[in-house]
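S.K.: just coords:
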DNA sequence: TATTGTTATACTCTATAACTATA
DNA sequence: TATAGTTATAGAGTATAACAATA
């Protein structure tokens, strides 16, 4: 029945968004008190755990546009937390690196943030967390961000 | 084991965020093409389904600060979609109303948005959606609903 | 010409604090 | 004094388009 399917979808969506905002709001406020925004944290974290990357690769990892990414890089570079250097083989390409200051910052902040994430997620037991992970993964895969625009066109 | 618990929590968190950003990104882009931001849509939707409200009540419903709310009201008022009038009993209090134009806008947009939500959530079957809803509810407990009306209205 | 990335522009959201008006 | 709401200020993310530099 179509109506029932719609209700179920809206119910799942609403609670998904509410849970995410609840968790993210808390994490974002903690980051703010540590001197980072969520976008900055994500970039530093990617650079820490995956190593230096080009802006283009960062766009893919962080799911954001190249223009927005330049802004985040600029804000971090201004504070001396990252630096972007041209690649010698292809000078169009650049590589974004953590500076020692940036590495110190993310090395300090990441465990604090992780601890709060664990605390938040502990509203669910281990089995529930695993189920949530699996369902969300399925949901994310069904909606790859890169094809977002094309999918939108079909709905209007 | 603490390490294992941390890993599981981070895995669940990461996929939760990814799924939400995937879905929200798409919805936000669709709203953009229809002339609304997510915050504006939420306010109009609350006014449509719950009726006129004071800014303070809207703050509670939409989980945002009073200052940010004033901004959203101002942007909508400038476009003639809402109007805020002083209450005659207590002139400190105001009531935010949909204008006919605002009502027409949200009445048009809500079903379109709902349809895309259903399409997005259909990456999961009904049983999975129900499990996701329950887990997310547990995770986000204590926060007010995002949609004024979750399950009871017909939405085309 | 195509690709990579930055700038320009303009808007919205967010957070904090100061402010106004009413009670 | 306390409450409801707005304004001021500053900063960050977003989208689009124009742009430069390199391949």
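M.R.: Great, that's in hand. Model, not experiment: these values are computed from the prediction.

S.K.: just checking, what's the longest helix in chain A?
M.R.: Longest helix in chain A, counting residues (DSSP state H): helix A:2-34.

S.K.: can you tell me if that one touches DNA strand D.
M.R.: No: interface with DNA strand D: helix A:2-34 contributes nothing (C-beta under 7 Å from any atom of the strand), its closest point being 9.0 Å away. Using the backbone N, CA and C atoms, a C-beta is placed for each residue, glycine as well.

S.K.: buried residues in that helix?
M.R.: A:6-24, A:27, A:30-31 (16 or more other C-beta atoms under 10 Å in any protein chain shown).

S.K.: Output those of those residues also counted as contacts of chain B.
M.R.: A:6-24 (C-beta under 8 Å from any C-beta of the partner chain).

S.K.: measure residue A:34 to DNA strand C for me?
M.R.: Counting by C-beta to the nearest atom of the strand, to the nearest Å, the gap from residue A:34 to DNA strand C is 13 Å.

S.K.: and the next element down the chain from the longest helix of chain A?
M.R.: helix A:38-50 (DSSP states H and E).

S.K.: elements contacting that following helix?
M.R.: The helices and strands touching helix A:38-50, judged by 3 or more C-beta pairs under 8 Å, 6 or more residues apart in numbering or on different chains; DSSP states H and E, are helix A:2-34, helix A:55-62, helix A:66-78, strand A:82-86, strand A:94-98, helix A:100-121.

S.K.: contacting residues around that helix?
M.R.: A:24, A:27-28, A:31, A:36, A:53, A:58, A:61-62, A:64, A:68, A:72-73, A:75-76, A:81-82, A:96-98, A:102-103, A:105-107, A:109-110, A:113 (C-beta atoms under 8 Å, 6 or more residues apart in numbering or on different chains).

S.K.: can you tell me if that helix touches DNA strand C.
M.R.: No: Helix A:38-50 lies apart from DNA strand C when judged by C-beta under 7 Å from any atom of the strand; the minimum separation is 10.3 Å.

S.K.: Report the buried residues of that helix.
M.R.: Residues A:39-48 are the ones in helix A:38-50 that count as buried (16+ other C-beta under 10 Å).

S.K.: gap between whichever residue of chain A sits closest to DNA strand D and DNA strand C?
M.R.: Evaluated by C-beta to the nearest atom of the strand, chain A has residue A:39 as its residue closest to DNA strand D, separated by 2.7 Å. Per C-beta to the nearest atom of the strand, residue A:39 is found 12 Å from DNA strand C.

S.K.: One more: residue A:71?
M.R.: Relative to DNA strand C, and taking C-beta to the nearest atom of the strand, residue A:71 is found at 7 Å.

S.K.: likewise residue A:29?
M.R.: 6 Å.

S.K.: ok, now residue A:141?
M.R.: 24 Å.

S.K.: same deal with residue A:98?
M.R.: Taking C-beta to the nearest atom of the strand, one finds residue A:98 at 15 Å from DNA strand C.

S.K.: which ones are touching that residue?
M.R.: A:44, A:47-48, A:52, A:81-82, A:106.

S.K.: In JSON lines, list those residues along with pLDDT.
M.R.: Output for these, formatted as JSON lines (pLDDT from 0 to 100):
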{"residue": "A:44", "pLDDT": "96"}
{"residue": "A:47", "pLDDT": "95"}
{"residue": "A:48", "pLDDT": "95"}
{"residue": "A:52", "pLDDT": "95"}
{"residue": "A:81", "pLDDT": "96"}
{"residue": "A:82", "pLDDT": "96"}
{"residue": "A:106", "pLDDT": "96"}
